[in-house]
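J.: sequence-free structure coming up:
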């Protein structure tokens with residue numbers, strides 16, 4: 001794995017860092033190369049004393065230790081996670097928020113227990129409609145009041161057998177920055193749904209409207225979407241991992257490679273342009289390691305002339321979604337899946 005490339009630091013206080021784009025071609029990101037995102041302070045948790053409470057609209061409230069959780073049937077799944085603000089800096093004007101470039105995305109194998117196996121043990125009541133997940137991370141957000149990071153998930157997606165309460169990442173315990181000792185993993189959804197450092201799950205009889213549910217992680221001001229539309233599934237995207245932006249490449253033969261993913265279905269096509277988007281040709285597409293992981297692709301380019309070129313890649317998914325050639329702006333800078341363009345020099 002490529003782990004030596006330095007991770008660009010976006011915000012020091014919250015330890016928000018991008019993954020180097022060159023590492024995206026690795027099947028799994030090493031923990032040190034996996035992008036980091038935290039809205040609040042990263043907590044310090046003792047796994048021996050950690051407990052997970054399941055309460056609210058349930059007939060059998062639970063308090064589980066890590067050992068209790070590990071007694072459930074174990075499942076491992078390779079998942080690509082992407083921050084909803086990935087690509088925010090490519091919008092014009094740039095919205096307020098964490099100034100992400102394109103590296104707020106990574107792939108890892110997560111191991112844990114099916115969320116629904118745990119919820120079934122607690123026996124949700126007939127009037128339960130959502131599961132609310134509370135993380136141990138706490139802080140102040142635009143007020144003097146300390147709050148925890150809380151996000152809810154409707155019970156239909158929560159019942160998906162691929163939604164996990166995970167305690168391991170690439171076969172090792174979760175690193176502190178990635179949710180140790182237990183985090184939620186919601187495949188196909190933007191990363192804010194995969195709540196880290198989970199300590200409590202409450203079953204609710206009405207939809208939740210907290211600051212990270214109704215004020216943030218919603219679309220506002222985007223054409224074609226009602227204001228307040230929740231941010232959920234990852235929009236289709238392809239990224240060029242190699243060559244890097246600004247690189248010099250030899251004339252004759254160049255392999256352009258990258259990855260593509262979507263929360264709406266498998267990637268069916270990746271096209272590459274070497275003339276800034278004027279013409280497009282199909283790339284060779286590989287099978288991803290799971291339905292929720294980015295698909296590797298490559299394109300053989302044979303430039304015969306020296307000079308500067310603009311490379312671009314766009315993906316299409318099984319639902320027919322295609323990456324836009326121009327950014328679709330919204331007030332909070334979410335879901336910007338505009339086609340990436342890089343400049344290289346043939347020497």
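T.: Sure thing, it's come through. None of these values were measured; they are calculated from a predicted model.
J.: Could you find the closest non-adjacent residue to the residue nearest to the spatial centre of the chain?
T.: Of all residues in the chain, the one closest to the mean position by CA atoms, centre = their mean is residue 82, 2.0 Å from it. Once flanking residues are discounted, residue 82 sits nearest to residue 105: 4.1 Å by CB to CB, 6 or more residues apart in numbering. Placement of C-beta: from N, CA and C, glycine included.
J.: Which strands and helices lie in contact with the helix ranked longest in the chain?
T.: In the chain, assigned by DSSP state H, the helix with the most residues is helix 115-122. When contacts are defined as 3 or more CB pairs under 8 Å, 6 or more residues apart in numbering; DSSP states H and E, helix 115-122 packs onto strand 52-56, strand 62-64, helix 155-158, strand 164-169, strand 198-204.
J.: Of these, flag the one that's most buried.
T.: Sort the helices and strands packed on helix 115-122 by mean neighbour count, taking mean count of other CB atoms under 10 Å, and strand 164-169 sits at the top with a mean of 24.
J.: Skip ahead from that one and say which helix or strand is next.
T.: Counting by DSSP states H and E, the next helix or strand C-terminal to strand 164-169 is strand 172-173.
J.: What are the contacting residues of the next helix-or-strand element following that following strand?
T.: For strand 172-173, the following helix or strand on the C-terminal side (DSSP H and E) is strand 183-185. Strand 183-185 is contacted from outside by 77, 79, 81, 110, 112, 115, 133, 153, 163-166, 174, 193-198, using CB atoms under 8 Å, 6 or more residues apart in numbering.
J.: can you give me how far strand 183-185 is from the chain middle?
T.: 12 Å (CA atoms, centre = their mean, to the nearest Å).
J.: With stretch 294-304 instead?
T.: From the chain centre to the centre of stretch 294-304 is a distance of 24 Å (CA atoms, centre = their mean).
J.: Show me what counts as buried in that stretch.
T.: For stretch 294-304, the neighbour count (16 or more other CB atoms under 10 Å) marks 294, 295, 296, 297, 298, 299, 301, 303 as buried.
J.: and the residue nearest to residue 34 when sequence neighbours are not counted, what is it in contact with?
T.: Sequence neighbours aside, residue 106 is the residue nearest to residue 34 in space, at 4.2 Å (criterion: CB to CB, 6+ apart). Residues near residue 106 by CB under 8 Å, 6+ apart: 19, 23, 24, 29, 33, 34, 35, 80, 81.
J.: what sits opposite residue 106 in the beta ladder?
T.: residue 81 (DSSP bridges).
J.: if I look at it, how far off is residue 227?
T.: As for residue 106, its distance to residue 227 is 31 Å (criterion: CB to CB, to the nearest Å).
J.: try residue 22
T.: For residue 22, the distance to residue 227 - CB to CB - is 38 Å.
J.: Over to residue 280?
T.: Distance of residue 280 to residue 227, given as CB to CB: 34 Å.
J.: out of these two, which sits in the more crowded spot?
T.: More crowded of residue 280 and residue 227, by other CB atoms under 10 Å: residue 280, with 16 against 11.
J.: The more buried one is in contact with residue 271, isn't it?
T.: Yes. When contacts are counted by CB atoms under 8 Å, residue 280 is listed as touching residue 271 (4.1 Å).
J.: Need the residues touching each of the two.
T.: Residues touching both residue 280 and residue 271 comprise residue 314, with contact defined as CB under 8 Å, 6+ apart.
J.: before we move on, back to that, closest one to residue 97 out of the contacts of residue 106, please.
T.: Nearest to residue 97 among those: residue 35, at 15.3 Å, using CB to CB.
J.: hang on, the closest one packs against residue 101?
T.: No. Under the criterion of CB under 8 Å, residue 35 makes no contact with residue 101, lying 10.6 Å away.
J.: can you list residues touching both of the two?
T.: Here residue 35 and residue 101 have residue 18 as joint contacts, going by CB under 8 Å, 6+ apart.
J.: Nearest to residue 318 among the helices and strands packed on helix 115-122 would be which one?
T.: Of the helices and strands packed on helix 115-122, nearest to residue 318 by CB to CB is helix 155-158, at 18.3 Å.
J.: okay, residue 35 and residue 101: which has more neighbours?
T.: When residue 35 and residue 101 are compared on other CB under 10 Å, the one with more neighbours turns out to be residue 35, at 26 against 16.
J.: pLDDT below threshold where in the chain?
T.: The chain contains residues with pLDDT under 70 at 1-14, 142-144.
J.: domains of it?
T.: Listed domain ranges for the chain are 9-230, 237-346 (source: automatic domain parsing).
J.: And the contacts of stretch 131-151?
T.: The contact list for stretch 131-151 (CB under 8 Å, 6+ apart) reads 38-43, 45, 56, 115, 119, 152-153, 155, 158, 184, 192-193, 195-204, 208, 210-213, 217.
J.: make it 7 Å
T.: Stretch 131-151 is contacted from outside by 38-43, 45, 119, 152-153, 155, 158, 184, 192-193, 195-204, 208, 210-213, using CB atoms under 7 Å, 6 or more residues apart in numbering.
J.: do stretch 200-209 as well
T.: Stretch 200-209 is contacted from outside by 53-58, 124, 127-134, 152, using CB under 7 Å, 6+ apart.
J.: Provide the secondary structure category for residue 22.
T.: With DSSP: H, G, I helix; E, B strand; the rest coil as the basis, residue 22 sits in helix.
J.: Would you mind listing the residues in contact with residue 124?
T.: Contact partners of residue 124, counting by CB under 7 Å, 6+ apart, are 57, 58, 203.
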